[in-house]
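> Just to be clear, the model below is a prediction. Sequence and coordinates:
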Amino acid sequence: MSSLFKEVDYLRIPYADIKAATNNFDIVNMIGIYHSKNVNYYVYEGELFRSGKRINIIVERILGIQEVQLLEGVSVISRFKHNNIPTFVGFCYDKYLGGYLVSECEFMESLEQILNITPNPSIRKSEYRIRENLTCYHMLQICLGVARALSHIHDCHAIHGSFNSYKIFLDKDFEAKVVGLFENPEYFPLTRYTCYVDPESECLNIFLTPKSDVYSFGVVLIDVFCQQHAADQSWHYLEFPEIPEIEYTHFDDNIRKQMNSKARPFC
């Protein structure tokens, strides 16, 4: 544990700086929100004064996380250099205030909110990012960017482990950015229960693997191209949840038209 502290200590950012950067975690700055069984997850945008200049950042605020898990995640995240993963800046942890991951990034908006899967009035809406602007081409671009990010994560001998539409953000050019607490598989037993987790890991209660991320990616594809949630989330709150079946659904009518052979210019 002490060696892990030393390894990432240079990346620590004072809580006061993060609080100021997000305007005291103002709801106006909130761009994403997600609740799982044990963790509450919020994402904010802001500006941080760093190395003599002001940079645009996103802050992942994770309530309910243990310090060792956050530090293990930081040791992995700090290694990533990829266009579809925000550049990591630093972190903060307080046993009463939770964990915070800070990444450098320009304008971002949650894919989950863009698809309008579970509308949240607390999250501000962009005046130029609306669901109707999404074309088949944009969706393919988003999915390819996400796939490249996951491939890079796995090439670095890590996994995402809690991958879903809530952990995908888009910049102004619809380029996907994958966020989250990436970890080494050996430190990551199955502790999350969502419809994105592969049934084998959940049934056997085993450690998650890169294949688990691939399964989650498949569910995200359904979210994207059907523009609705792939499974019922109400089972999250049951004490002994059963694995939900993915609902039979259909492609959004506008996307279906764009995928038609007569509309190839859109794709």
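Everything's here; your move.

> next helix or strand past the helix or strand Leu101 falls within?
Leu101 is part of strand 98-104 when elements are defined by DSSP states H and E. Remark: after strand 98-104, the chain's next helix or strand is strand 109-110, criterion DSSP H and E.

> What is that following strand packed up against?
Judged by 3 or more CB pairs under 8 Å, 6 or more residues apart in numbering; DSSP states H and E, the packing partners of strand 109-110 are strand 30-35, strand 168-170. Every residue, glycine included, has its C-beta placed from N, CA and C.

> circling back to that earlier point, would you mark the buried spots in the strand holding Leu101?
Gly98, Gly99, Tyr100, Leu101, Val102, Ser103 (16 or more other CB atoms under 10 Å).

> Make sure the last one is actually in contact with Phe88.
Yes: proximity of Ser103 to Phe88 meets the contact threshold set by CB atoms under 8 Å, at 5.4 Å.

> returning to that earlier point: got the buried residues of strand 98-104 as JSON lines, with pLDDT and distance to Ile27 columns?
What follows is these, written out as JSON lines (pLDDT from 0 to 100; distance: CB to CB, whole Å):
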{"residue": "Gly98", "pLDDT": "91", "distance to Ile27": "17"}
{"residue": "Gly99", "pLDDT": "94", "distance to Ile27": "20"}
{"residue": "Tyr100", "pLDDT": "96", "distance to Ile27": "17"}
{"residue": "Leu101", "pLDDT": "94", "distance to Ile27": "20"}
{"residue": "Val102", "pLDDT": "95", "distance to Ile27": "19"}
{"residue": "Ser103", "pLDDT": "93", "distance to Ile27": "20"}
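
> Report the contact partners of Tyr41.
Contact partners of Tyr41, counting by CB atoms under 8 Å, 6 or more residues apart in numbering, are Gly32, Ile33, Tyr34, His35, Glu60, Arg61, Ile62, Leu63, Tyr166.

> Val224: helix or strand, and which one exactly?
helix 210-226.

> Counting by contacts, list what that helix packs against.
Helices and strands touching helix 210-226, as assessed by 3+ CB pairs under 8 Å, 6+ apart, comprise helix 136-155.

> So which elements touch the helix it packs on?
Taking 3+ CB pairs under 8 Å, 6+ apart as the contact cut, helix 136-155 packs with strand 168-170, strand 176-178, helix 210-226, helix 253-259.

> neighbouring contacts of it?
Contacts of helix 136-155 (CB under 8 Å, 6+ apart): 80, 82-85, 111, 159-160, 163, 168, 170, 174-178, 182, 210, 213-214, 217, 220-221, 224-225, 255, 258-259, 263, 266-267.

> before we move on, back to that, can I get the contacts of Tyr41 in TSV with pLDDT, neighbour count and distance to Val76?
Output for the contacts of Tyr41, formatted as TSV (pLDDT from 0 to 100; neighbours: other CB atoms under 10 Å; distance: CB to CB, whole Å):
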residue	pLDDT	neighbour count	distance to Val76
Gly32	82	25	21
Ile33	82	19	24
Tyr34	77	22	20
His35	71	16	23
Glu60	92	22	14
Arg61	93	22	19
Ile62	90	22	15
Leu63	89	13	21
Tyr166	83	26	20
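
> And these, which two are furthest apart?
Leu63 and Tyr166 (14.8 Å; CB to CB).

> partners of the strand holding Leu101 in the sheet?
When pairing is defined by DSSP bridges, strand 98-104 lines up against strand 53-63 (antiparallel), strand 87-94 (antiparallel).
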